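J.: Predicted structure and sequence below. I'll ask about it afterward.
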Protein chains: 2
Amino acid sequence: MLSAESVHGGTTAGSDSTEKRILSAALRLFASKGYGAVGIREIAQEAAISTAALYHYMRTKEDLLVALMTDRMQRIIDAATIARDEYPDAARRLVGLVRVHVVAHARFPDGVVDNEVRSLGPETRPRIIALRDEYQALWEGVLDDGRAQGVFELEEPRLAKLALLEMCNGVVHWYSPRGAADLDRVADAFAGMALALTGASRAGSRLRLADLDLPPASRYLAIVTGAYRDAI
Amino acid sequence: MLSAESVHGGTTAGSDSTEKRILSAALRLFASKGYGAVGIREIAQEAAISTAALYHYMRTKEDLLVALMTDRMQRIIDAATIARDEYPDAARRLVGLVRVHVVAHARFPDGVVDNEVRSLGPETRPRIIALRDEYQALWEGVLDDGRAQGVFELEEPRLAKLALLEMCNGVVHWYSPRGAADLDRVADAFAGMALALTGASRAGSRLRLADLDLPPASRYLAIVTGAYRDAI
DNA sequence: GTCTATAAGCCGATAGAC
DNA sequence: GTCTATCGGCTTATAGAC
């Protein structure tokens, strides 16, 4: 049966396992057309098997969605945690979270997680919501720390968290790849806007991305591709 | 046949016209479940008519979506234009756009416009995209003016526009009404964050919402409810 | 594990009576 | 303008052979 772990690769290089082909096809289709608009025939055809064979790997179509969402959430939580823990200060931590989120959403179809929670039934929804809350807690923690340290100036940290996340989520709606340099540009522009939005400052003057002496954007690309290794 | 104008009321108070009931039911269902997940039987039942009668008012299900999206886009363009033209300076204009957008998205199911463009066919999509571009041009104009006036500090105004719009769109995903005072609080928090994100400043110091001496939030609520009068 | 065949029901849309 | 009845096709999911 499908599970988050089973998304990871493990077959000999060259030909993907049937399971991985199914998950890959489903993710691609769900992301582009929406869960409700994708039929299992379509998934089966894209994975080059029959619809009946599909049911050897999954119990219901919704299981497929849950497996994909769980996998994506766990991967981005992993990547975000790594990025956060690389620095102790809230400003650099925030930049890490933004860069990871933007890069992950631009390079992988992670938008399904944000958009398809409503497609989940009452039994599966709470599990995904819990993962989403875990991820949001990461952001909330950084914002609260930054406020306590006097780095951020936020009147409504909870609303700021939601604003930042939605602003970064939006990337999936308009970003289309134009090379790695372009992705870096977008990720850094968003990191800069996040610093501005949170009112980040040091010694009374506005803190900009360039002031933080961070490693090049490729560092964050590496974190994301690491956490998404063998991802579908 | 359905059109944006026909959404406006005109019947004697008390009982809505069949047309309005249909549009109202469709909008509510599309917004909560997504266009693809809603059947015409469901719309018909919610509007208390048969599916056949539905086809007296529309040609296809997609027509229904197009009519709703066109209506919403035109209304928010109207409201945003009014809010923008109340002040000549870019900072107050930006605050007006943000407040109108947040209030409209929180009080009306305007999220369909943002989320369902992918459900449109190749014939209807360009018409909605054109309206969306018109609305975005309003935002872009304010950002460009503010930059020219030295009020905003933006390295990537086009990305800033997208970030601001997505951040405001996100309100539909988490906002649930807790009274008018709460909506004002959210709208003003977002206006403040927009000023911060754009690096708004005057005489070298950061420009905050309170510095702008704007009328109470009810003014923007009035603009929105005016533009959305008789809206479904 | 994968197939063909099919069940049971919903899909958008239409015919034709009133 | 609204109805009942229905078309052809698609939906999720299953039975049973191999």
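T.: Sure, I can see it. Numbers count the residues shown, from 1 in each chain, chains lettered A, B, ... in the order given.
J.: near chain B at all, the helix or strand of chain A with the lowest mean pLDDT?
T.: When the helices and strands of chain A are scored by mean pLDDT, DSSP states H and E, helix A:111-115 comes last with a mean of 90. Yes - against chain B, helix A:111-115 shows contacts by CB under 8 Å from any CB of the partner chain at A:114-115. Every residue, glycine included, has its C-beta placed from N, CA and C.
J.: What is that helix packed up against?
T.: Counting contacts by 3 or more CB pairs under 8 Å, 6 or more residues apart in numbering or on different chains; DSSP states H and E, helix A:111-115 is packed against helix A:18-33, helix A:61-85, helix A:171-174.
J.: Identify each buried residue in that helix, please.
T.: A:111-115 (16 or more other CB atoms under 10 Å in any protein chain shown).
J.: Specify which member of these is nearest to DNA strand C.
T.: DNA strand C lies nearest to residue A:115 out of the buried residues of helix A:111-115, by CB to the nearest atom of the strand, at 19.3 Å.
J.: The closest one contacts residue B:115, correct?
T.: Yes - contact criterion CB atoms under 8 Å: residue A:115 and residue B:115 qualify, at 7.0 Å.
J.: Where does pLDDT dip in chain A?
T.: Chain A contains residues with pLDDT under 70 at A:3-14.
J.: near DNA strand C, which residues of it?
T.: Contact residues, chain A versus DNA strand C (CB under 7 Å from any atom of the strand): A:18, A:49-53, A:56.
J.: And those residues, which of them are buried?
T.: Burial by neighbour count, judged by 16+ other CB under 10 Å, picks out A:18, A:49 from the residues of chain A next to DNA strand C.
J.: can you list the residues of chain A near chain B?
T.: A:32-37, A:114-115, A:118-119, A:155-156, A:159-160, A:162-167, A:169-171, A:173-174, A:185-186, A:189-190, A:192-193, A:196-199, A:206.
J.: mind listing what residue A:79 touches?
T.: A:100, A:104, A:223-224, A:226-228 (CB atoms under 8 Å, 6 or more residues apart in numbering or on different chains).
J.: Buried ones only from the residues you listed, please, as a ChimeraX command.
T.: To isolate the buried ones among those in ChimeraX, judged by 16+ other CB under 10 Å, type:
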select /A:100,104,223,224,227,228
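J.: so of the contacts of residue A:79, which ones are in helices?
T.: Those of those mapping onto helices are A:100, A:104, A:223-224, A:226-227, per DSSP state H.
J.: Can you tell me the element residue A:193 falls in?
T.: Secondary structure from DSSP states H and E places residue A:193 in helix A:180-197.
J.: contacting residues around whichever helix or strand comes after that helix?
T.: Per DSSP H and E, the first helix or strand lying C-terminal to helix A:180-197 is strand A:201-202. Residues from elsewhere that reach strand A:201-202 (CB under 8 Å, 6+ apart): A:91, A:151, A:153, A:207, A:211.
J.: Confirm that the last one sits in a helix.
T.: Yes - with the criterion set as DSSP: H, G, I helix; E, B strand; the rest coil, the secondary structure at residue A:211 is a helix.
J.: show me the contacts for it.
T.: Shown in contact with residue A:211 (CB under 8 Å, 6+ apart): residue A:202.
J.: quick one: it and residue A:50, what's the gap?
T.: 58 Å (CB to CB, to the nearest Å).
J.: about what we covered before: out of the contacts of strand A:201-202, flag the one nearest to chain B.
T.: Closest approach between the contacts of strand A:201-202 and chain B, by CB to the nearest CB: residue A:153, at 8.2 Å.
J.: I'd say the closest one and residue A:198 touch.
T.: Yes - using CB under 8 Å, residue A:153 makes contact with residue A:198 at a distance of 7.3 Å.
J.: coming back round to it: which among the residues of chain A next to DNA strand C gets closest to residue B:125?
T.: Proximity of the residues of chain A next to DNA strand C to residue B:125, judged by CB to CB, is greatest for residue A:51, which lies at 30.1 Å.
J.: So what's the residue count around the closest residue to the closest one other than its chain neighbours?
T.: Leaving aside its sequence neighbours, residue A:51 sits nearest to residue A:44 (CB to CB, 6 or more residues apart in numbering or on different chains; 4.5 Å). Residues lying near residue A:44 (other CB atoms under 10 Å in any protein chain shown) number 19.
J.: Secondary structure element for residue A:44, which one?
T.: Following DSSP H and E, one finds residue A:44 within helix A:40-46.
J.: contacting residues around the residue nearest to residue A:51?
T.: Applying CB under 8 Å, 6+ apart to residue A:44 gives the contacts A:50-51, A:53-54.
J.: how much space between it and chain B?
T.: 19 Å (CB to the nearest CB, to the nearest Å).
J.: Nearest to DNA strand C: which residue in chain A?
T.: residue A:52 (2.8 Å).
J.: which ones are touching that residue?
T.: With contact set as CB under 8 Å, 6+ apart, residue A:52 has no partners.
J.: Secondary structure element holding it?
T.: helix A:51-57.
J.: ditto for residue A:102
T.: helix A:90-107.
J.: quick one: which of the buried residues of helix A:111-115 is nearest residue A:181?
T.: Distances from residue A:181 to the buried residues of helix A:111-115, taken as CB to CB, are shortest for residue A:111 (22.7 Å).
J.: how about the nearest residue to that closest one, chain neighbours excluded?
T.: Excluding its sequence neighbours, the residue lying closest to residue A:111 (CB to CB, 6+ apart) is residue A:172, at 3.7 Å.
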